[in-house]
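K.L.:
Sequence plus the predicted model coming up.
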Amino acid sequence: MPKKKGSTAPKKKGSGSRKLSLKAAKKAINVTPDGKRRLILSNMGFTIFPKCLLKLRNLDELDLSRNQIQKLPETIGTLKSLRRLDLHSNKLESVPESIGGLIELTYLNLANNHLTSAGLPSTLGSLCNLKTLNLGLNQLDALPSTMEQLSLLQELALFDNQFIKVPEFLPNLRNLTKVNLIRNPCTFAHAESERIRKEKLEQKEELYLVHESFLCKRCLKICKAEAGKILRKERKGEKKTEKPEVFEEKKKRFEGLMTPNSVAAVTQDVWRIKSKSLLLTSS
């Protein structure tokens, strides 16, 4: 009886077991207009980091995004010329300590993996030239404290993680201009609003002058009462040598102007809009 087709034949290798030769890797390298050596291997079906890439010591940019790589080689730090490393959308659970050897890196993208805080090494703080770091779409709830040493870091993405609070060292990163913490248990918006609230409490009260025609009768009465108190205090503090006509001249200089900020809980523009509507209603 004839055997069925494929019954004894070896199974075809899936796309996940794809291998890359050093020759093919070298052939795939492109040189950018500014002379950088770039290798793009995105969405190629790799489940294992191609070891032949470790021999490309002069590579400036490496893109291995959108694969299924689960682990990086312990010797990845030997690629010391790398300036950009894109590993987003893989299945990484941790990053080896040797990544701290990539001191020329200015861009590192580890978004959309399975990284936990325990999987981030303290050596991330050694990436002294790093300007952009993307750790979004992972399972992080804390960052290595050594990242406080990333003095050149400008952009940090932490969106879609498990942060309960904002990392304490972030304010110490003097060049950091963009932080994305959306869709975390804590929100950056809440932290920012709290900071603004505290700053406003510390600020000195500002003076806004508006014409009395913009105020409703009730507010006008309150403001006049406040103004009267101020004038009475000024009179008491005046020098005896000051003549009455000097005081009258000061009074004329601000005739028709009020200071509603002493009783208003809104900005000047909102105050004016509300006042106009009240005047229209009363008329």
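P.N.:
Sure thing, it's come through. Numbering: from 1, shown residues only.
K.L.:
Count the neighbours of Ile19 for me.
P.N.:
For residue 19 the amino acid is Lys, not Ile. 11 (other CB atoms under 10 Å). In short, each C-beta sits where N, CA and C put it, glycine included.
K.L.:
which stretches of the stretch 1-150 of the chain aren't confidently modelled?
P.N.:
1-17 (pLDDT under 70).
K.L.:
in it, which spans are strands?
P.N.:
Shown for the stretch 1-150 of the chain, the strands assigned by DSSP state E, counting those that start in this stretch span residues 30-31, 37-40, 61-63, 84-86, 107-109, 132-134.
K.L.:
Which strands and helices lie in contact with the second one?
P.N.:
Put plainly, it is strand 37-40. In terms of contacts (3 or more CB pairs under 8 Å, 6 or more residues apart in numbering; DSSP states H and E), strand 37-40 is packed against helix 22-28, strand 30-31, strand 61-63.
K.L.:
One more: the fourth one?
P.N.:
Counting contacts by 3+ CB pairs under 8 Å, 6+ apart, strand 84-86 packs against strand 61-63, strand 107-109.
K.L.:
List the pairing partners of the first one within its sheet, with orientation.
P.N.:
Translated: strand 61-63. Partner strands and pairing direction for strand 61-63 (DSSP bridges) are strand 37-40 (parallel), strand 84-86 (parallel).
K.L.:
Any chance of CSV for these, columns mean neighbour count and distance to Ser145?
P.N.:
Shown next, in CSV, are these (neighbours: other CB atoms under 10 Å; distance: least, CB to CB, whole Å):
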stretch, mean neighbour count, distance to Ser145
strand 37-40, 16, 33
strand 84-86, 20, 23
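K.L.:
could those strands go into a markdown table alongside distance to Asn161?
P.N.:
Below are the strands paired with strand 61-63 laid out as a markdown table (distance: least, CB to CB, whole Å):
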| stretch | distance to Asn161 |
| --- | --- |
| strand 37-40 | 27 |
| strand 84-86 | 19 |
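K.L.:
Out of those strands, which gets nearest to Ala225?
P.N.:
Nearest to Ala225 among the strands paired with strand 61-63 is strand 84-86 (66.0 Å), distances taken as CB to CB.
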